[in-house]
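> What follows is a predicted structure for the sequence shown.
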Amino acid sequence: MGTRAPRTWIAVIALTTLLTGCGSAVEQQTAPGEIGGSVDYGYWGNPSRAERVAAVVEGFRSVHPGTRVSSQVGAYQSYIERLTVRAAGRDLPCVTSMQSTFFAPYATQGALLPLDDLIADGSIDVSDIPEDVLESGMAEGRQFMIPTGSYVRPVAYNADLLASTGVGPPPPGWDWAGYEQWLRAIDARLPEGVYATEIEGSNLMSLFSFVASHDQEFFDDDGLGFPPELLREWFAMWEGLTRDGVSVPASMIPDQTNNMESTPMARGVAVAGTKDIPHLTIHERVLQSSGLGDEVAWATNPVAVPGASGNVIGSNGLAISADCDNVATSAAFIDYFANDPAAISAYQSDNGVVPGSRSQQVLLDDADTPEGVQRSVRVLRELSEDSDIASMTYPQGIQILTGELRRLFEDIAFGRTDIDTAVESFYAEARQALS
Amino acid sequence: MASTTTSHRPAPSAPTDMPGRRRSGRRRDDVAGYLFLTPWLLGIVLIVGGPVLASLYLSFTDYSILGVPRLSGLDNYVRMLTDDPRFWTSLGVTLTYLFVSVPLVVVFALLLALVLDRGVRGLPLYRAVFYLPSLIGGSVAIAILWRSVFGGDGLFNAGLGLVGIDTDFSWIGTPDSALGTLIVLNVWQFGAPMLIFLAGLRQVPPELQEAARIDGAGAVRRFLSVTLPILSPIIFFNVLMSTVNAFQAFNTAYIVSNGTGGPANSTLFFTLYLYQRGFTNFEMGYASALGWALLLVAAGVTALLFLASRRFVFYGDR
């Protein structure tokens, strides 16, 4: 009997410990509206970005002593996957990095806090952010994300490889017919195994550009806002370019979405391809390191209708979780991140070009800003000053369309379906995804 | 205590008291035992049983993971069967993978086990070497490596170049061959079934082999009439385990295709499709229905295997 009782008690204690261990730690609370205490900040990136974030967090702490920002970083894909699960468990970090292409479902389903009141009372200053960029963080008429980095995908090309063909750079104000002719002219002068362009037919961002350049809305209240003929035209153009060997073969589509060191353009296998502005310099560096070229130049996307633009802007930004218990500090952190010159200099537009002109100037004036970042700022400024940017709001369901377009184009390119069927499938899937 | 009683009641009362006390002691032991088991029981009920039942419920709902589930009856199942071509595509890919790779794994593992069972020198080393792919084959690193090996400028084409076949054909980027590369990767992980076969071959009674030899049976006849029947329960076990693994295959297709199941849906395993619906498209209700469909298909295939085993598996004691 003397040995049985302790055994029972050990079991009871073990069980109690296990169950109480499931509870969460008590955190220090601050009064509502008061900046202090701790917040979590979740973002995607790599070790180099983590260093920049650490510098920003340190700067924030020096401006707001007594605050603590715990960063949580993940690779892009796993970050998004965890985001979904954490949002379902009402466990999003107080400050959560979002992207214009995927924040909408979180916003419209109550996982994010509308920021309009915090903007109105001056907690978050958005005066430096252009309207069309700010719009990319809106859903259902409310602001859920503060854009801190913008991206546009112009046509990039390996200037040295292009020069070797004797074909000139794209003319200003070119249209899609001119674009196709340009690619075919390049292709005619390239050696075997090198192609005029990467495939854009499977890329939703490129389709956004195509539709915007026709002065059409991609989305409307009922789903897709552009006529099926445009999609048919898009598929036909890229099917022809792929079939004729002007673009890289369809089997290289996966290479285009892998890391930037292995894209066909970075490997010198393709002359051109659309690239986010910050990626121009990255591609340039890869080409230089392998001796395949010195310069990656860029041109605006072709335009189908005068006055329209094919340079669709998207943005990465910061949002606040609807379940955050320290909104004041979260708002202060976002405001610091988006506006404070020290934060702008420390972060160096690591995830998209900082959209505000004052912030851009900070980077241009800072001698420590790398040339690649300064170039990105200049490119975005140039497009903005020329009013050659198309704004866009992204409804929920974009992720589905991204995968669907790629699958359908692969089906077409590998002869597994025809263009009309693919167009019908895309519209059917969009109806379901966007409803 | 009973032995010191002064009661006038007859002695038999003592034996009835003793078992009672033993019973109560045993009960205390049982309680302690169950308390020690509780963490595991909680785990199986909350972490496995709970979600399984929850997914059954969710399969009858429209649930976007971020919102509240709304009952939708059989809608998800009707949609799956009548209005979702990718459901059938993914099922086809998984069954193709299953029916091609499982026989290959089992046959390859058995052949190698037969070779190693002939008493080769350095057997432990060979066993370890051949088992290694089973340990690392399903890893993310190997999947990434596979993408490079079978790419247009990968090692496989470089090897073909050495024998005079120059090609830049992307085995992993072309629908007709992409699934084949994943099957090769699965077959490469033959180590675990091979070890089980090796153990099984040691159980084949030498006297039976000897008797067959005396009766004039050659090596092939002895293998077919002695070794194979005795090994049949082990073959059945390996087929069963490989089948279950094939139904669960996910990592390699996810990594190799960047999570798309491409090119052109050629590597869209059922598990990957389920994942896309649940975690990319936020259709958790539909993904739950897909999960239950997979369970039913896997249960059906397993049941067929058990039925077949009655005819083809030889248990010596029956």
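The structure has been received and is ready for your questions.

> So which bits of stretch A:291-301 are buried?
Across stretch A:291-301, burial judged by 16 or more other C-beta atoms under 10 Å in any protein chain shown covers A:L292, A:G293, A:V296, A:A297, A:W298, A:A299, A:T300, A:N301. (Glycine included, C-beta is placed from N, CA and C.)

> For chain B, what's the nearest residue on the stretch 151-300 of chain A?
Going by C-beta to the nearest C-beta, chain B is nearest to A:S251 of the stretch 151-300 of chain A, at 3.1 Å.

> again with the stretch 301-435 of chain A
A:E410 (4.2 Å).

> And for the helix or strand hosting that residue, what's in contact with it?
Taking DSSP states H and E as the definition, one finds A:E410 inside helix A:398-413. Contacts with helix A:398-413, where a contact means C-beta atoms under 8 Å, 6 or more residues apart in numbering or on different chains, come from A:101-102, A:104, A:199, A:201-204, A:207, A:235, A:238-239, A:242-243, A:250, A:253, A:416-419, A:422, A:425-426, A:429-430, A:433, B:175, B:260-265, B:276, B:280-281.

> and the angle from the following helix or strand past it to helix A:398-413?
As assigned by DSSP H and E, the chain's next helix or strand after helix A:398-413 is helix A:419-434. Computed with axes from the mean of the first three to the mean of the last three C-alpha atoms, to 10 degrees, the direction of helix A:419-434 lies at 170 degrees from that of helix A:398-413.

> mind listing what's buried in helix A:419-434?
Of the residues in helix A:419-434, A:I419, A:A422, A:V423, A:S425, A:F426, A:E429, A:A430, A:Q432, A:A433, A:L434 count as buried by neighbour count, 16+ other C-beta under 10 Å.

> and chain B, which of these reach it?
Among the buried residues of helix A:419-434, the ones lying near chain B by C-beta under 8 Å from any C-beta of the partner chain are A:A433.

> Show the backbone phi and psi for B:G154.
Torsion angles at B:G154 (phi, psi; degrees, to the nearest 10) stand at phi -90, psi -180.

> where's it relative to B:F269, distance?
To B:F269, B:G154 is 22 Å away according to C-beta to C-beta, to the nearest Å.

> if you count what's nearby, which of these two comes out ahead?
Applying other C-beta atoms under 10 Å in any protein chain shown to B:G154 and B:F269 shows that B:F269 carries more neighbours, namely 27 against 19.

> Surely that one is in contact with B:Y97?
Yes. The criterion here is C-beta atoms under 8 Å, and B:F269 meets it with B:Y97 at 6.8 Å.

> hey, what's in contact with both of those two?
What both B:F269 and B:Y97 touch, as defined by C-beta under 8 Å, 6+ apart, is the set B:A249.

> residues in contact with A:R285?
Here A:R285 is in contact with A:G372 (C-beta under 8 Å, 6+ apart).

> quick one: secondary structure of it?
Counting by DSSP: H, G, I helix; E, B strand; the rest coil, the backbone at A:R285 sits in helix.

> Could you list the low-confidence segments of chain A?
The model of chain A has pLDDT under 70 over residues A:1-32, A:258.

> so what's the backbone phi/psi at A:P130?
phi -60, psi 150.

> isn't it right up against A:S384?
Yes. A:P130 is within contact range of A:S384, at 6.9 Å (criterion: C-beta under 8 Å).

> Mind checking which of the two has more residues around it?
Neighbours per residue, other C-beta under 10 Å: of A:P130 and A:S384, the larger number sits with A:S384, 20 against 17.

> and the more buried one, that's in a strand?
No. Assessed with three-state DSSP, A:S384 is helix; it does not lie in a strand.

> And the residue of the stretch 151-300 of chain B closest to chain A?
Closest point on the stretch 151-300 of chain B to chain A, by C-beta to the nearest C-beta, is B:G173, at 3.1 Å.

> Report how many residues lie close to the closest residue to that residue other than its chain neighbours.
The shortest distance from B:G173 to any non-neighbouring residue, by C-beta to C-beta, 6 or more residues apart in numbering or on different chains, is to A:S251 (3.1 Å). Per other C-beta under 10 Å, the neighbour tally for A:S251 reads 23.

> Next to chain A, which bits of the stretch 201-318 of chain B? Give me the list.
Contact residues, the stretch 201-318 of chain B versus chain A (C-beta under 8 Å from any C-beta): B:257-265, B:276, B:279-282, B:284.

> who wins for most neighbours among those?
Ranked by the number of neighbours (other C-beta under 10 Å), these place B:P263 first, at 29 neighbours.

> Just the pLDDT at that residue, thanks.
Looking at B:P263, its pLDDT is 90.

> so the residue nearest to B:G173 makes contact with B:D153?
No. In this structure A:S251 lies outside contact range of B:D153 using C-beta under 8 Å: 11.6 Å.

> Contact partners for the residue of the stretch 151-300 of chain A closest to chain B?
B:G152, B:F169, B:S170, B:G173, B:T174, B:P263.

> let's see it at 6 Å
For A:S251, the contact set (C-beta atoms under 6 Å, 6 or more residues apart in numbering or on different chains) comprises B:S170, B:G173, B:T174.

> Show only the entries of the residues you listed found in helices.
The helices, defined by DSSP state H, take in nothing from the contacts of A:S251.

> Next secondary structure after the helix or strand of chain B with the lowest mean pLDDT?
Lowest by mean pLDDT, DSSP states H and E among the helices and strands of chain B is helix B:13-42, with a mean of 76. Per DSSP H and E, helix B:13-42 leads on to helix B:50-58 as the next helix or strand towards the C-terminus.

> Check whether that following helix comes near chain A.
No. For helix B:50-58, no contact with chain A is found by C-beta under 6 Å from any C-beta of the partner chain; the gap never falls below 11.5 Å.

> Could you find the closest non-adjacent residue to the residue in the stretch 51-200 of chain A that chain B sits nearest to?
Of the residues in the stretch 51-200 of chain A, the one nearest chain B is A:Q109, at a distance of 3.8 Å by C-beta to the nearest C-beta. Distance criterion C-beta to C-beta, 6+ apart; nearest residue to A:Q109, sequence neighbours excluded, is B:L66 at 3.8 Å.

> try A:L408
In space, and not counting its chain neighbours, A:L408 is closest to A:A422: 4.2 Å by C-beta to C-beta, 6+ apart.

> what comes up buried for stretch B:63-81?
Using 16+ other C-beta under 10 Å as the test for burial, stretch B:63-81 gives B:Y63, B:S64, B:I65, B:L66, B:G67, B:P69, B:S72, B:N76, B:Y77, B:R79, B:M80.

> Just give the number of residues close to the closest residue to the fifth one other than its chain neighbours.
In space, not counting the residues next to it along the chain, B:G67 is nearest to A:Q109; the distance is 4.9 Å by C-beta to C-beta, 6+ apart. Residues near A:Q109, counting by other C-beta under 10 Å, number 18.

> Please list the residues outside stretch B:46-63 that contact it.
By C-beta under 6 Å, 6+ apart, the residues outside stretch B:46-63 that reach it are B:P69, B:R70, B:L71, B:S72, B:N76, B:M284, B:G285, B:S288, B:A289, B:G291, B:W292.

> let's see 8 Å
Outside stretch B:46-63, the residues that reach it (C-beta under 8 Å, 6+ apart) are B:69-77, B:283-285, B:288-289, B:291-292.

> coming back round to it: pull the distance from the helix holding A:E410 to the chain's centre.
Remark: helix A:398-413 is offset 18 Å from the chain centroid, using C-alpha atoms, centre = their mean, to the nearest Å.

> Repeat that for stretch A:342-350.
Computed by C-alpha atoms, centre = their mean, the chain-centroid distance of stretch A:342-350 equals 18 Å.

> The spatially closest residue to A:P302 that is not a sequence neighbour and A:S206, how far apart?
Leaving out its chain neighbours, the residue that sits closest to A:P302 by C-beta to C-beta, 6+ apart is A:Y179, at 4.4 Å. Plainly put, A:Y179 is 11 Å away from A:S206 if you go by C-beta to C-beta.
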